[in-house]
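> have a look at this prediction, sequence included:
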Amino acid sequence: MICKPKLLLHPDKWSNAVVPYLEHLFDEYFERVFIDPSETYDPKASIVYTHCLDTHWVIDWRDNGYQVAVDNLWEVPWPNRPDSVFTIMPSPWFFRANESLCYEYLGYHQYTRMPNITKTFLMLMNDKRLHRDQIYEQIDLDNSLHSYIGRGVLLNHNDIDITDHAWQRYSNPDWYNITNFSMIVESVTFSEPLGPTEKTYKPIAFEHPFMLWGPAGYLKQLHQQGFQTFDHIIDESYDNEQDHSVRLSKIIDQVNMLKNIELTDEETVKRTRHNHSLFFDTAWSKQQFNKNLFQPLLELL
């Protein structure tokens, strides 16, 4: 029997290796071991693995001859990472693959949208940021379903508060049934290595049309992945606009244009269902983890 290499984990630290919907993928390639100070581990058959925001504890292991891997998939590159450690850098494959597996684990792949539209759009925002202030202050929020937790605006629907511990992945299907489209507000408005995040993949998972306030070119990135957007109704030229203020103005113009148009036409439904199906191609997601995370880790030994 061939022994799997050990993936050494801090017993009190979070990492992708302890995420419930990813554990079985790690277990195909590694023996996940929570470090016991009373035990010794073979440096030639072990990798010390940590999340990029918890790296101080791995320095001693590096200095004692162990291979150390820092998982930077969740964050933009950080400037003070330790020397002589292997780093898995952020890449656009990650959020799509991660969210797909997460949403399947949560049972969201079984969702079929049943539109009963009473609200114009759904807009979910958390941390207070300048570009979020800008859209919050300029967009017409009347008859929308929205939150901006950083400014104390909470979304409660059917007595569910999205400020609970799992709010970032929790979704109420009614939000997507009763709103015409999603107004996605991404983490930033400038391009960076992460690409579209979970904020963009939420409406895709829930068969929802959307517009996107984020970096120029994000719709193009989605097209390159095979997703379809809604240029048959929406003027999506905003995605090409490099000036942030002009891009936001174009987006808001399109939001206003849709006030009296329900996005339930045959072509829109066809595109949202295509997106849903592509997003839940979990075989692709598992392949990405194998190619871009597990194989590079195995090559360290």
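Done, it's in.
> phi, psi of I47?
Dihedral angles phi and psi of I47 (degrees, to the nearest 10) take the values phi -130, psi 130.
> quick one: contacts for it?
Contact analysis of I47 by Cβ atoms under 8 Å, 6 or more residues apart in numbering lists 5-8, 30, 66-69, 297, 300-301. For every residue, glycine as well, the C-beta is placed using N, CA and C.
> could you list every residue that touches the residue lying closest to it once chain neighbours are set aside?
Of all residues not flanking I47 in the chain, Q67 sits nearest, at 4.9 Å (Cβ to Cβ, 6 or more residues apart in numbering). Shown in contact with Q67 (Cβ under 8 Å, 6+ apart): 43, 46-48, 86, 300-301.
> for M125, same thing?
Counting by Cβ under 8 Å, 6+ apart, M125 makes contact with 132, 136, 146-150, 185.
> quick one: it from S187, how far?
Computed as Cβ to Cβ, to the nearest Å, the M125 to S187 distance reads 10 Å.
> same thing with Q67?
Distance from Q67 to S187, counting by Cβ to Cβ: 31 Å.
> one more: G214?
Applying Cβ to Cβ, the value for G214 to S187 is 8 Å.
> same thing with K128?
Using Cβ to Cβ, K128 is found at 13 Å from S187.
> now L212
L212 is 12 Å from S187, by Cβ to Cβ.
> same check on Y136?
15 Å.
> now swap in Q221 and tell me
Distance of Q221 to S187, given as Cβ to Cβ: 14 Å.
> and F181, by the same measure?
20 Å.
> and those two? which has more neighbours close in?
Per other Cβ atoms under 10 Å, whichever of F181 and S187 has more neighbours is F181, with 28 against 19.
> just checking, that one is part of a helix?
No. Secondary structure of F181 (DSSP: H, G, I helix; E, B strand; the rest coil): strand, not part of a helix.
> quick one, what contacts the nearest residue to it once chain neighbours are set aside?
Distances taken as Cβ to Cβ, 6+ apart place P209 nearest to F181, at 4.2 Å, with adjacent residues excluded. By Cβ under 8 Å, 6+ apart, P209 lies in contact with 180-182, 203, 230, 263, 268, 271-272.
> in the sheet, who's paired with the nearest residue to V18 once chain neighbours are set aside?
Of all residues beyond its chain neighbours, the one nearest V18 is L9 (6.9 Å), with distances taken as Cβ to Cβ, 6+ apart. Beta-bridge partners for L9, by DSSP bridges, are F34.
> my guess is L9 contacts Y49. True?
Yes. Taking contacts as Cβ atoms under 8 Å, L9 lies within contact range of Y49: 6.1 Å.
> which residues does stretch 55-66 contact?
Looking at what lies outside stretch 55-66 - Cβ under 8 Å, 6+ apart - the contacts are 8, 10, 13, 41, 43, 46-48, 50, 68, 70, 81-82, 84-85.
> let's see the pLDDT reported for the residue nearest in space to the middle of the chain.
Most central in the chain under Cα atoms, centre = their mean is E198, positioned 2.5 Å from the mean C-alpha point. We have a pLDDT of 93 for E198.
> now it, nearest residue through space, not along the chain?
E99 (5.1 Å).
> mind listing what's buried along whichever strand or helix holds that neighbour?
Here E99 sits within helix 93-105, counting by DSSP states H and E. For helix 93-105, burial by neighbour count (16 or more other Cβ atoms under 10 Å) applies to 93-104.
> point out where the protein drops to low pLDDT.
Where the chain drops to pLDDT under 70, the residues are 1-2, 156-169.
> domain ranges for it?
6-90, 98-282 (automatic domain parsing).
> in JSON lines, list those along with distance to N290.
Converted to JSON lines, these look like this (distance: least, Cβ to Cβ, whole Å):
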{"stretch": "domain 6-90", "distance to N290": "8"}
{"stretch": "domain 98-282", "distance to N290": "12"}
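> I'd like to know which of those is closest to N292.
Smallest distance to N292 across the domains of the chain (Cβ to Cβ): 7.6 Å, for domain 6-90.
> roughly how far is the closest one from the heart of the chain?
Taking Cα atoms, centre = their mean, to the nearest Å, one finds the center of domain 6-90 at 21 Å from the center of the full chain.
> compute the first-to-last residue distance for that domain.
The first and last residues of domain 6-90 sit 24 Å apart, counting by Cα to Cα, to the nearest Å.
> ok so, going back, which one of the domains of the chain lies closest to L293?
domain 6-90 (6.0 Å).
> can you show me the helices along this protein?
Along the chain, counting by DSSP state H, helices occupy 20-27, 59-63, 93-105, 130-138, 173-178, 198-205, 218-225, 244-257, 266-279, 282-289, 295-298.
> re the thing from before, show me what the helix holding E99 is packed up against.
Judged by 3 or more Cβ pairs under 8 Å, 6 or more residues apart in numbering; DSSP states H and E, the packing partners of helix 93-105 are helix 20-27, helix 198-205, helix 266-279, helix 282-289.
> much appreciated, bye for now.
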